[in-house]
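Student: My questions concern the predicted model and sequence given below.
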Amino acid sequence: MAKYFFFFILTVWGQSLFGQGKQDFITFVQSTHVWVDSVFRQLSPAERIAQLFLVRVHTNLGQAHIDSVARVLADEKLGGIVLFQGGPRRHAAVINRYQALSKVPLLVALDGEWGLGMRLDSTISYPYQMTLGAIQDESLLYQMGRQIGRDFKRLGLTVNFAPVVDINNNARNPVINFRSFGENKENVARKGAAYMRGLMDEGLLVTLKHFPGHGDTDVDSHRDLPRLNFTAGRLDSLELYPFKALIAQGASGVMVAHMQIPALDNTPRLPSSLSPNVVNGLLKKKLGFKGLVFTDAMDMNGVVKYFKNGEADIRAVLAGNDVLELSQNTKRAIRNIQEAIRNKRISQQEIDGRVKKILAAKLWLGLDKRKPIDLYRLHADLNQQSAQWLNQRLADAAITSLKNDSLIRELDYTKKTAIISVGASTITPIQNILQERFDNATNFVLSADAMPNDVAKVSVELLRYDQIIVALHDNRKSPQSKINYSGTIRLFINELANMNSIFAVFANPYTLAGLPGVEQAKTILMAYQNAETTQRAVAEVLLQQLQPKGRLPVTINAFFKFGDGAQ
């Protein structure tokens, strides 16, 4: 059944790309091209090596930073840039400047797991992948991928470091977590396939991450080196499942994580990104991946903690990676690779093959005919009404009913209704929407660390109300598994759960495990994240204008399990 599904995506969703005459990426980069050979011959040995490197760029750090990156690109002739925080107009201006001064067109990458809004202000943020994992209609994710692809191209971006196809089966995971589609390998593969195909059908490069699977860790590889003590059999049957499925569909890129995996390489403290067994052996040879292999950021502590002074860069190249993201010192890295060639640690032929593959990728992207980004109507083009509607449809489709919804059907708009937002600092969108429809409603707001006296006053006041709607919010930028509510607030939530209250959770689903007693609530709507779109969707459910169709993509505890939700 799974094989049939993936074939369906490839043949049906892929029609828009192949119907336009755009050749399959993997076939394309394995072929010979006049432009590639012509550009390659114009590069010095050092400039060829430089094509393997992407450098960090921010447009919110001032002109001095922007100018310093320009000097690096001009001096070292690097292969591309990775854009981080800033604004779309500033990014567009920088991309135009950097492309104009580059001898070879640049790859322009960005972490856009939930669209441009993951890094840029004034742009749309689509749902987190955990939220998307609850959606039952994968065609919505395909449409999202297409729209994100159009937004990337409008801004001159060519590589999206997405989708995340890690299987998050560890609730304590501090780095993947809500960035994953969930704990079920088939669901992750289906969602990843839809998103990937949408991006690629718009002519964008993708990177499946974080190979060979970062979901079952409790260490953040930005800070240290995670260790996976699983057998090769377990890795093959679980962690590698989505990667194998999407590689078979023609994924253009894979990003290798910084993890120690003794079952794959027992070299002490060796990250997977620096392991020839993992990159050349497993990914390229055993799985037959022919696209571009990217490292995760080479300035992360998970890779440089034990391999300092540029050793990580040379090891990454020796392991088989094609593109190194964010080296600590690219000039040193280029020099070290030249030394490695002279010492016959790696052959010039191997380096040349990777450089030609990178150049072929740039040709596939159309960078041989690149044009400056038009700044006119840029903001409007990146915030089209149709994209806003799609974003709302995604939120609508994710809402999950975890308990009996009888209280929703019994809501009476004329009765005295208390609408409480917990973890908020001001009146929330869901409160504003509901108050317009309920004739006799009062809004209450309690912060995550509300004082006991304030909580007690609200508790007493609630005795005067016929209906109670409780919205639990997490206002943090990264909604982790443990919510930042005080002990007083947690006790109050337990009290509310025993008062026939309707709960709506605008937070990481794992947070329910840290709210003892919440399972006693008769009605719980899971919205997964604290966004205006999800609050509007829940409001429509409460007003019986929308039927919750989402299913829980992870198991939280004995009360809330994977697949709970719409029947």
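Tutor: Received the coordinates, thanks. Residues are numbered from 1 along each chain as shown.

Student: Quick check: bridge partners of Phe211?
Tutor: Beta-bridge partners recorded for Phe211 (DSSP bridges): Val256.

Student: residues in contact with it?
Tutor: Shown here is Phe211, whose contacts under the criterion Cβ atoms under 8 Å, 6 or more residues apart in numbering are Phe243, Val254, Met255, Val256, Ala257, Ser272, Val278, Leu283. The way it works is simple: take the backbone N, C-alpha and C, and place the C-beta from them, glycine included.

Student: quick one: which of those is nearest Asn321?
Tutor: Of all the contacts of Phe211, the one sitting nearest Asn321 is Val256; the distance, using Cβ to Cβ, is 6.5 Å.

Student: Met298 is in contact with the closest one, correct?
Tutor: No - Val256 is not in contact with Met298 according to Cβ atoms under 8 Å; the separation is 10.9 Å.

Student: where along the stretch 401-550 of the chain do the helices fall?
Tutor: 406-409, 429-437, 452-461, 487-497, 532-542 (DSSP state H, counting those that start in this stretch).

Student: Show me what the first one is packed up against.
Tutor: So the one you mean is helix 406-409. strand 523-526 (3 or more Cβ pairs under 8 Å, 6 or more residues apart in numbering; DSSP states H and E).

Student: what are the pairing partners of the strand it packs on, and which direction each?
Tutor: In the sheet containing strand 523-526, its partner strands are strand 400-401 (antiparallel), strand 502-506 (parallel), by DSSP bridges.

Student: want to try TSV for these, with distance to Leu363 as columns?
Tutor: TSV is the format used below for the strands paired with strand 523-526 (distance: least, Cβ to Cβ, whole Å):
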stretch	distance to Leu363
strand 400-401	44
strand 502-506	45
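
Student: Of those, flag the one that's most buried.
Tutor: With neighbours defined by mean count of other Cβ atoms under 10 Å, none of the strands paired with strand 523-526 is more surrounded on average than strand 502-506, at a mean of 26.

Student: Centre of the chain to that strand, how far?
Tutor: The gap between where strand 502-506 is centred and where its chain is centred comes out at 24 Å by Cα atoms, centre = their mean, to the nearest Å.

Student: Tell me where the model's unsure across the protein.
Tutor: Scanning the chain for pLDDT under 70 picks out 1-21, 567.

Student: got the domain boundaries for it?
Tutor: Each domain of the chain is listed here as a residue range: 31-386, 399-542, per automatic domain parsing.

Student: how about a markdown table for those, with distance to Lys22 added?
Tutor: Compiled in a markdown table, the domains of the chain are given as follows (distance: least, Cβ to Cβ, whole Å):
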| stretch | distance to Lys22 |
| --- | --- |
| domain 31-386 | 6 |
| domain 399-542 | 32 |
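
Student: Select, out of those domains, the one closest to Phe560.
Tutor: Across the domains of the chain, Phe560 has its closest neighbour in domain 399-542 (5.7 Å, Cβ to Cβ).

Student: Extract the C-alpha trace of stretch 484-501 and format it as PDB.
Tutor: Extracted as PDB, the C-alpha positions of stretch 484-501 are listed here (Å, rounded to 0.1, in the frame of the first residue of the first chain):
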ATOM      1  CA  ASN A 484       6.100  27.200  31.500                       C
ATOM      2  CA  TYR A 485       3.000  27.400  33.800                       C
ATOM      3  CA  SER A 486       3.500  27.900  37.500                       C
ATOM      4  CA  GLY A 487       2.300  25.400  40.100                       C
ATOM      5  CA  THR A 488      -0.600  27.600  41.000                       C
ATOM      6  CA  ILE A 489      -1.800  27.700  37.400                       C
ATOM      7  CA  ARG A 490      -1.400  23.900  37.000                       C
ATOM      8  CA  LEU A 491      -3.600  23.400  40.100                       C
ATOM      9  CA  PHE A 492      -6.100  25.800  38.600                       C
ATOM     10  CA  ILE A 493      -6.200  23.900  35.400                       C
ATOM     11  CA  ASN A 494      -6.900  20.700  37.400                       C
ATOM     12  CA  GLU A 495      -9.800  22.500  39.100                       C
ATOM     13  CA  LEU A 496     -11.200  23.800  35.700                       C
ATOM     14  CA  ALA A 497     -11.000  20.200  34.300                       C
ATOM     15  CA  ASN A 498     -13.500  19.100  36.900                       C
ATOM     16  CA  MET A 499     -16.000  22.000  36.100                       C
ATOM     17  CA  ASN A 500     -17.400  20.800  32.800                       C
ATOM     18  CA  SER A 501     -15.100  23.200  31.000                       C
END
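
Student: how far does that stretch sit from the chain's center?
Tutor: The mean C-alpha position of stretch 484-501 is separated from the chain mean by 32 Å, Cα atoms, centre = their mean.

Student: got it, and stretch 266-282?
Tutor: On the basis of Cα atoms, centre = their mean, stretch 266-282 sits 24 Å off its chain's mean C-alpha point.

Student: Leu552 is nearest to which of the domains of the chain?
Tutor: Shortest separation from Leu552 across the domains of the chain is recorded for domain 399-542, at 5.7 Å, computed as Cβ to Cβ.

Student: quick one: which of the contacts of Phe211 is nearest to Gly291?
Tutor: When the contacts of Phe211 are compared for distance to Gly291, the smallest value, 6.7 Å, is given by Val254; criterion: Cβ to Cβ.

Student: Skipping its backbone neighbours, what lies nearest Tyr465 in space?
Tutor: Among residues not flanking Tyr465 along the chain, Ala418 sits closest, at 4.2 Å (Cβ to Cβ, 6 or more residues apart in numbering).

Student: now Ala360
Tutor: If the residues on either side of it in the chain are set aside, Ala360 comes closest to Val29, at 4.1 Å by Cβ to Cβ, 6+ apart.

Student: The domains of the chain: which one's closest to Ile556?
Tutor: For Ile556, the closest of the domains of the chain is domain 399-542, at 5.1 Å, according to Cβ to Cβ.

Student: looking at the protein, which residue ends up farthest from its center?
Tutor: Residue farthest from the centre of the chain, counting by Cα atoms, centre = their mean, is Arg464 at 44.6 Å.

Student: Identify, out of the helices of the stretch 401-550 of the chain, the most deeply packed stretch.
Tutor: Burial of the helices of the stretch 401-550 of the chain is given as mean neighbour count (mean count of other Cβ under 10 Å); helix 532-542 ranks first at a mean of 22.

Student: And stretch 41-52, end to end?
Tutor: Terminal residues of stretch 41-52 lie 16 Å apart, using Cα to Cα, to the nearest Å.

Student: on that earlier part again, dig out what the residue nearest to Tyr465 forms beta bridges with.
Tutor: Beta-bridge pairing of Ala418, defined through DSSP bridges, involves Thr442, Ile468.

Student: And the strands in the stretch 251-400 of the chain?
Tutor: Per DSSP state E, counting those that start in this stretch, the stretch 251-400 of the chain carries strands over the ranges 253-256, 292-295, 324-325, 400-401.

Student: How far off centre is the first one?
Tutor: Going by Cα atoms, centre = their mean, the spacing between the C-alpha centre of strand 253-256 and its chain's C-alpha centre is 13 Å.

Student: by contact count, what packs against it?
Tutor: strand 208-211, strand 292-295.

Student: list the buried ones in the very next helix or strand once past the first one?
Tutor: To tie it back to what came earlier, the one meant is strand 208-211. Following strand 208-211 in sequence order, the next helix or strand is helix 232-234 (DSSP states H and E). Residues of helix 232-234 classed as buried under the neighbour-count rule (16 or more other Cβ atoms under 10 Å) do not occur.

Student: now for helix 232-234, which elements pack on it?
Tutor: Going by 3+ Cβ pairs under 8 Å, 6+ apart, helix 232-234 lies up against no helix or strand.

Student: thinking again about what came up before, gap between the residue farthest from the centre of the chain and Ile351?
Tutor: Arg464 sits 75 Å away from Ile351, taking Cβ to Cβ, to the nearest Å as the criterion.

Student: For the stretch 201-350 of the chain, which segments count as helices?
Tutor: Listed in chain order, the helices of the stretch 201-350 of the chain (DSSP H, counting those that start in this stretch) span 232-234, 241-248, 301-304, 311-319, 330-342, 348-364.

Student: Now tabulate those in a markdown table and tack on distance to Glu519.
Tutor: As requested, those are arranged in a markdown table below (distance: least, Cβ to Cβ, whole Å):
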| stretch | distance to Glu519 |
| --- | --- |
| helix 232-234 | 31 |
| helix 241-248 | 31 |
| helix 301-304 | 37 |
| helix 311-319 | 46 |
| helix 330-342 | 53 |
| helix 348-364 | 50 |
